[in-house]
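>>> Next input, structure requested:
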Amino acid sequence: MTQARDAAAAVLDLLRSRGWTLAVAESLTGGALSAAIVDVPGASAVLTGAVVAYATPVKASLLGVDEALLAERGPVDATVAEQMARGVRRTLAMHGRPADVGLSTTGVAGPTPQSGQPVGTVHIGVSTPGSTTSRAFVFDGDRSAIRRASVTAALRLLEEALSHP
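Numbering: from 1, shown residues only. Sure, this is the predicted structure:
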């Protein structure tokens, strides 16, 4: 996972230069995103923690994703990714202060479609002090390839967001 490690190192450098902290909320990546981040020495200076909200109800109960939204659209949705990114900032607050940045992944790694969404559909959310956004991706490959591609895409999207405030 050299691409992911390189992207994680770049993101950590950008966050460290701003004095910002990062909180991660994962669904389809199941901890792989936070693992890529903590693989970089010095990650503890930036990463407050990570939540694997794999089950849909946990997205609502722990991260504050709107239950009506989840019922209407399902967990594989751009707004869900944005709410996960905002919610993890609050959930992983330290000393009463939310994390500066939230990064989230939600999608379908397969082997079958979920909530009417085809395999490979992924939404990544980024929430910073100034904005919250998401981007949709469609990745090819098996379950493992989709998860790996999602990790790299999440890190690259965060790097882009931090490089262009």
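>>> you'd agree Thr132 is up against Met84?
No: using Cβ atoms under 8 Å, Thr132 is not in contact with Met84; the gap is 10.2 Å. C-beta: built from backbone N, CA, C; applies to glycine.
>>> Overlap of the contact sets of the two?
Residues touching both Thr132 and Met84 by Cβ atoms under 8 Å, 6 or more residues apart in numbering: Gly125.
>>> Just want to know which of these two has more residues nearby.
Higher neighbour count among Thr132 and Met84: Met84, with 33 against 18, using other Cβ atoms under 10 Å.
>>> in this structure, which spans are helices?
Taking DSSP state H, the helices of the chain run over residues 2-18, 32-38, 56-61, 67-73, 78-91, 143-163.
>>> mind checking which of those helices is nearest Ser115?
Closest approach to Ser115 among the helices of the chain is made by helix 67-73 (7.6 Å; Cβ to Cβ).
>>> number of nearby residues for the closest residue to Leu14 other than its chain neighbours?
Nearest non-adjacent residue to Leu14, counting by Cβ to Cβ, 6 or more residues apart in numbering: Leu162, 4.2 Å away. For Leu162, the count of nearby residues is 20 (other Cβ under 10 Å).
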